[in-house]
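Asks: Quick one: sequence plus predicted model below, questions after.
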Amino acid sequence: MRFQTSFLVSLLLTLPVFGSLEPPTTADDAELMALEARAARSLKKRATNPPAKAPVKAPAPAPAKAPVKAPAAAPAKAPAAAPVKAPAQAPAKAPVKAPAQAPAKAPAKAPANVPAKAPAPPPAAKAPSKAPAKAPTKAPAKAPAKAKKSCQAQITKALQARYAEFTLNRHEARAGLAHPSGKGRVTLFHGTDPSKAASLTAGVNLAKTAPTGDFNHKPEVPGGFYLTDSVIAAAQFACWGAEQGEPAKVDVFEYAWDGVGAGVFEFPGQTPDWLEFLFYNSEEDTTRENVDDDFRAQAVEIYKNKVMITGPMNGQDDELITNEFQQYAIINQAAVTSRLRLVARHQNIVCKNVPQADALTTTLYTKGQGGNPSFQSLLTKLQNPNLVSALESC
């Protein structure tokens, strides 16, 4: 138990009164001074005690509160406020928006527009594809086409001059172009490529001809062997007809046909029945007869007991053939064997000497018919390799 210093001092001061009534001596004075010194030390100690309590209380709360609150508040708020807000706002807005907009848009649009479009057209297979494709395709296609037309125009003009000597006499002019009937004895011609000509010298086999044609359809008939009534018309078909390949030279076979008493059907011109018959025979199915066609009944009558069908030729693919062309189709093998006789093979007819389309005039058509006085003269010109000069032949 502790007593306060003031209490002890007071107690000591009262001792002389209660202990003895004798006057104080020197010893007493010394003792009193000692007590006073002790009291002074106690007072001094008391004065210094508050700091003892302060250090205990102060250090404890002060360090606890100061370090805790100060570091907690200051570092927390200062770094939180300064670094957070400053970097959050300044860097956030500057770096975020700037990089986000500038780099995002620049790289996005620049690479997308510039690299994407720039590299795409040159390397992309479009530039090389279109340039080579169009240049080689269209240029050669159009240029030769124009050059070819121009060349053919020169040839046609030259041929007109070369054939100018052929004129119709008064009788021929009055009669006009006449196609002989297949029901009599008539000279007919068949033009072909020289590579196919050899087989014809051995005879005509209808089974080896095309299964469909203007006047034949298989199995209604076994085939069709087609001829015409003018040597120059036969040459024109062999040179410029559809699917002929435009050979440089052709051969024309001359035949004698005897149609007396034979079953021959003749179309008088480009009649509705003629056109319907062409459509009937264009059916590609040759495994059965064309029983579903509306013209079936009439077609059966035309084929019935017939060995030859004659009429004009003017199909969609015949734009380079004269409109005067007359065709004779033999559709019976027995008739080929008994009524058709090979007379001659006219070789090396030059296709450049043969006029195209209606440049083959009525006069030339007539001069090319069998028995015409100018037949041999016209044939000689057709076979002349120098009829058209090098300049005119392009």
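Replies: The structure has been received and is ready for your questions. Numbering: from 1, shown residues only.

Asks: Could you list the low-pLDDT ranges of the stretch 1-150 of the chain?
Replies: Within the stretch 1-150 of the chain, the stretches with pLDDT under 70 are 1-148.

Asks: Make sure residue 298 is actually in contact with residue 277.
Replies: Yes - at 7.5 Å, residue 298 and residue 277 qualify as touching, with contact defined as C-beta atoms under 8 Å. C-beta: built from backbone N, CA, C; applies to glycine.

Asks: out of those two, which sits in the busier spot?
Replies: Neighbours per residue (other C-beta atoms under 10 Å) separate residue 298 from residue 277, with residue 277 holding more: 23 against 14.

Asks: Over to that one. Which of the three states is it?
Replies: With DSSP: H, G, I helix; E, B strand; the rest coil as the basis, the three-state label of residue 277 is helix.

Asks: got a list of what it touches?
Replies: 214-215, 267, 295, 298-299, 302 (C-beta atoms under 8 Å, 6 or more residues apart in numbering).

Asks: The same query, at a cut-off of 10 Å, please.
Replies: Contacts for residue 277 (C-beta atoms under 10 Å, 6 or more residues apart in numbering) come out as 214-215, 217, 265, 267, 271, 295, 298-299, 302-303, 309, 311.

Asks: from those, which two are the most distant?
Replies: Longest distance between any two of these is 18.7 Å, between 217 and 271; criterion C-beta to C-beta.

Asks: out of those two, which sits in the busier spot?
Replies: With neighbours defined as other C-beta under 10 Å, residue 217 and residue 271 compare such that residue 217 has more, 26 against 12.

Asks: from what I can see that one touches residue 287, true?
Replies: No - in this structure, residue 217 is not within contact of residue 287 by C-beta atoms under 10 Å, at 11.6 Å.

Asks: Tell me the residues that contact both of the two, please.
Replies: Among the neighbours of residue 217, those also in contact with residue 287 (C-beta under 10 Å, 6+ apart) are residue 211.

Asks: which residues in this protein form strands?
Replies: Secondary structure of the chain (DSSP state E): strands located at 185-192, 212-213, 216-217, 225-228, 249-258, 264-266, 308-312, 326-330, 340-350.

Asks: Export these to JSON lines and append columns for distance to residue 363 and mean pLDDT.
Replies: Listed next are the strands of the chain as JSON lines, based on distance: least, C-beta to C-beta, whole Å; pLDDT from 0 to 100:
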{"stretch": "strand 185-192", "distance to residue 363": "17", "mean pLDDT": "97"}
{"stretch": "strand 212-213", "distance to residue 363": "29", "mean pLDDT": "96"}
{"stretch": "strand 216-217", "distance to residue 363": "32", "mean pLDDT": "98"}
{"stretch": "strand 225-228", "distance to residue 363": "17", "mean pLDDT": "98"}
{"stretch": "strand 249-258", "distance to residue 363": "19", "mean pLDDT": "97"}
{"stretch": "strand 264-266", "distance to residue 363": "25", "mean pLDDT": "98"}
{"stretch": "strand 308-312", "distance to residue 363": "19", "mean pLDDT": "98"}
{"stretch": "strand 326-330", "distance to residue 363": "16", "mean pLDDT": "98"}
{"stretch": "strand 340-350", "distance to residue 363": "18", "mean pLDDT": "97"}
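
Asks: Between these, which one is closest to residue 153.
Replies: Nearest to residue 153 among these is strand 340-350; the distance by C-beta to C-beta comes to 18.1 Å.

Asks: Show me where the protein has its helices.
Replies: Counting by DSSP state H, one finds helices in the chain at the ranges 5-19, 26-57, 61-79, 86-91, 98-117, 126-162, 170-175, 194-201, 231-240, 272-281, 296-303, 333-339, 362-367, 375-383.

Asks: In contact with residue 354, which residues are there?
Replies: Contacts for residue 354 (C-beta under 10 Å, 6+ apart) come out as 155, 159, 191, 232-240, 250, 360, 364, 382.

Asks: how about 7 Å then?
Replies: 232, 235-236, 239, 382 (C-beta atoms under 7 Å, 6 or more residues apart in numbering).

Asks: Residue 322 and residue 361 touch, don't they?
Replies: No - at 8.3 Å, residue 322 does not count as touching residue 361 under the criterion of C-beta atoms under 7 Å.

Asks: out of these two, which sits in the busier spot?
Replies: residue 322 (26 against 18).

Asks: Quickly note the distance from the more buried one to residue 380.
Replies: 21 Å (C-beta to C-beta, to the nearest Å).

Asks: and if you look at residue 339?
Replies: Applying C-beta to C-beta, the value for residue 339 to residue 380 is 30 Å.

Asks: check contacts around residue 346.
Replies: So residue 346 contacts 231, 251-252, 254, 379 (C-beta under 7 Å, 6+ apart).
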